[in-house]
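A.B. asks: Make a model of this:
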Amino acid sequence: MLAVAILKTVNLLCEAEDKSYIKRTGYAHGWDVLFYIFSFLKGITLFTLIVLIGTGWSFLKPYLQDKEKKVLMIVIPLQVVANIAQVVIDETGPYGQDWITWKQVFLLVDVVCCCAVLFPIVWSIKNLREAARTDGKAAVNLMKLTLFRQYYIVVICYIYFTRVVVYALETITSYKYLWTSVVAGELATLAFYVFTGYRFRPEAHNPYFVVDDDEEEAAAEALKLEDEFEL
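C.D. replies: You can find the predicted model right below:
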C-alpha cells in the first residue's frame, strides 16, 4: 500500500511538471515520459494489491491458489495494454486515424481489469462463509467476513465513481470547470487508499484472534442468518 501511495505521488508530481512545462514552453521536455512510466507502475501495483487483498494473501493465508494466480496473469498483461492505449490516446488526439480504436481498447481493457479484481474478493467471502460452519471459529470468521464484504462494496464504489461519475463530470462540465472532475477523481482515490491501508494494516495484537465465549456464541447466531451475507 505504501508503494502504491509513493508511485501515485510521484506520478502526480510528474504530471504537474509536464503540464507546467507545456504551459510555459509548449513542449513536455521529457516529463511526459516519466509520467507514463510511473502511471504504468502505479496501475500494475494498484491492481495487484487489490487482487492480493481480495485473495486474502497474508491476511487469511500465506499462499495463492492456481485460480488466483491466473487472475494476476490476466490483470498484469491487460494493464500493459491499457497503458499503451493511454499513451497513444494522449499523444495523438481525436484527429488521429486510430484514436477511436485505441480509445475503445482502453475502455474495454479497463472494464475487464476492474471486473477481474472483484472475483478474488468474492472467492474469499465464499471461503469464509464455508469455514464459519466447519472450523468452530465463528467470531473470527464473522469479523473477517464483514471486513471483506465492506471491501467488496468499497472497491465497487471506487470503480463506479472513478470510471462512470468522473467521466460524467468531464462530459457535462464546461472547459473552465473541467478541473472539478480531476479533483473528484483524486479525492476518491485518496479515500480508497486510506480505507485500504487502514483496514488491512498490520497489527502486533490482532483483534481477530482475541475473542471470548460470549462473542463466539453471538457470532455463531449471526452466521445462521444466511441472507445477511449474500452479495
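
A.B. asks: what's the neighbour count on residue 77?
C.D. replies: If you count neighbours by other C-beta atoms under 10 Å, residue 77 ends up with 12. Every C-beta, even on glycine, is put in place using the N, C-alpha and C of the backbone.

A.B. asks: same thing with residue 146?
C.D. replies: Residue 146 has 16 neighbouring residues, counting by other C-beta under 10 Å.

A.B. asks: Kindly report the same for the one 4 residues further on.
C.D. replies: The number of residues packed around residue 150, counting by other C-beta under 10 Å, is 12.

A.B. asks: just use 225 as the starting number from now, easier for me
C.D. replies: Taking 225 as the first residue, the last one we looked at is residue 374.

A.B. asks: Name all residues that make contact with it.
C.D. replies: Applying C-beta atoms under 8 Å, 6 or more residues apart in numbering, one finds that residue 374 lies in contact with residue 423.

A.B. asks: I'd like the distance from the host helix or strand of it to the chain centre, please.
C.D. replies: Residue 374 belongs to helix 362-384 when assigned by DSSP states H and E. Helix 362-384 sits 14 Å away from the centroid of its parent chain (C-alpha atoms, centre = their mean, to the nearest Å).

A.B. asks: next SSE after that helix?
C.D. replies: Using DSSP H and E, the next helix or strand after helix 362-384 towards the C-terminus is helix 390-396.

A.B. asks: can you tell me the average pLDDT over that next one?
C.D. replies: Average pLDDT, helix 390-396: 89.

A.B. asks: can you check stretch 285-301 too?
C.D. replies: 85.

A.B. asks: Equivalent analysis for stretch 350-357, please.
C.D. replies: 75.

A.B. asks: Centre of the chain to that stretch, how far?
C.D. replies: Stretch 350-357 has its average C-alpha position 24 Å from the chain's average C-alpha position, going by C-alpha atoms, centre = their mean.

A.B. asks: Please, where are all the helices along the protein?
C.D. replies: Per DSSP state H, the chain carries helices over the ranges 226-249, 255-279, 290-316, 323-340, 342-356, 362-384, 390-396, 403-423, 437-447.

A.B. asks: looking at the ones you listed, which one has the lowest mean pLDDT?
C.D. replies: Among the helices of the chain, helix 437-447 carries the lowest mean pLDDT (a mean of 51).

A.B. asks: how much does the helix holding residue 374 deviate in direction from helix 342-356?
C.D. replies: Angle between the axes of helix 362-384 and helix 342-356 is 170 degrees (criterion: axes from the mean of the first three to the mean of the last three C-alpha atoms, to 10 degrees).

A.B. asks: Tell me how far residue 268 lies from residue 376.
C.D. replies: As for residue 268, its distance to residue 376 is 22 Å (criterion: C-beta to C-beta, to the nearest Å).

A.B. asks: correction: residue 236
C.D. replies: For residue 236, the distance to residue 376 (C-beta to C-beta) stands at 27 Å.

A.B. asks: On the pLDDT front, check the closest residue to residue 245 other than its chain neighbours for me.
C.D. replies: Spatial nearest neighbour of residue 245, chain neighbours left out: residue 253 (4.9 Å); criterion: C-beta to C-beta, 6 or more residues apart in numbering. Per-residue pLDDT puts residue 253 at 77.

A.B. asks: right, and residue 253 touches residue 247 too?
C.D. replies: No - applying C-beta atoms under 8 Å, one finds residue 253 not in contact with residue 247, separated by 11.8 Å.
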